[in-house]
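Novice: the amino acid sequence is not available; the structure is as follows:
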């Protein structure tokens, strides 16, 4: 069911337009925002690009709301036009990659953020360099969210982020092409890049990473 949803024709048709004509599946995960009284509710401000730099930044994330999303249960918040601006450091003072921006050090204009609320079934598309996060879930129930990541076929990963990777399994990497053809010629563009290393823990949830 999740596989079919990740290949939904309406979603892929939009992804194709946003990514310049080709689409390769990158990642999929089911995210539960726990109630406020339990740990792991808030997601600090971050850019997905900081987690998985590529040879170009034609990557998007697609969020699908499985429940109604209101201001009270911690909706996705995105800072307008932030994908066109700088890449912020996601390292802490000890220089470990922690997956969040130091908002005290960096003035990222959180006052310009927009809450992306919507009913169950709402689909949200945003660029990999968009600065985003979410607040606490003040309701009694968890808020589930499906996240799918897509990349242009000529956007090749610079590191292994635990998702389909050409050096780990090239056949599997190519099987994740939804629209486009196989090629070993990546497209390199002038994009800001900071390698997300070192990490104290690898392939953990964003909640755990940001906590550390």
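Specialist: Arrived safely, thanks for sending. In this text, all values refer to a predicted model and were calculated from it rather than measured experimentally. Numbers count the residues shown, from 1 in each chain.

Novice: now for the spatially most central residue of the chain: which residues touch it?
Specialist: Centrality entry for the chain: nearest residue to the mean C-alpha point is residue 48, 4.2 Å, by C-alpha atoms, centre = their mean. Neighbour list for residue 48: 59, 61, 128-130, 149 [criterion: C-beta atoms under 8 Å, 6 or more residues apart in numbering]. For every residue, glycine as well, the C-beta is placed using N, CA and C.

Novice: now, among those residues, which is nearest to residue 69?
Specialist: Nearest to residue 69 among the contacts of residue 48 is residue 61, at 15.5 Å by C-beta to C-beta.

Novice: tell me the buried residues in the lengthiest helix in the chain?
Specialist: When every helix of the chain is counted residue by residue (DSSP state H), the longest turns out to be helix 9-18. For helix 9-18, the neighbour count (16 or more other C-beta atoms under 10 Å) marks 11-12, 14-16, 18 as buried.

Novice: cool, and stretch 90-101?
Specialist: So for stretch 90-101, counting by 16+ other C-beta under 10 Å, buried means 90-91, 96-101.

Novice: what about the contacts of residue 48, which are in strands?
Specialist: Among the contacts of residue 48, the ones falling in strands (DSSP state E) are 59, 61, 149.

Novice: all the strands of the chain, in order from the start?
Specialist: 23-33, 43-46, 59-65, 76-79, 113-116, 123-127, 132-134, 143-151, 177-179.

Novice: report the separation between the two terminal residues of stretch 93-113.
Specialist: Criterion C-alpha to C-alpha, to the nearest Å; first-to-last residue distance in stretch 93-113 is 26 Å.

Novice: burial measure for residue 21, as a count.
Specialist: Residues within reach of residue 21, counting by other C-beta atoms under 10 Å, total 11.

Novice: do I have it right that it meets residue 178?
Specialist: No - Residue 21 is beyond contact range of residue 178, at 11.8 Å (criterion: C-beta atoms under 8 Å).

Novice: reformat the contacts of residue 48 as a markdown table; add distance to residue 115, pLDDT and neighbour count.
Specialist: Below are those laid out as a markdown table (distance: C-beta to C-beta, whole Å; pLDDT from 0 to 100; neighbours: other C-beta atoms under 10 Å):
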| residue | distance to residue 115 | pLDDT | neighbour count |
| --- | --- | --- | --- |
| 59 | 23 | 98 | 24 |
| 61 | 17 | 98 | 19 |
| 128 | 20 | 98 | 24 |
| 129 | 20 | 98 | 20 |
| 130 | 14 | 97 | 22 |
| 149 | 22 | 98 | 22 |
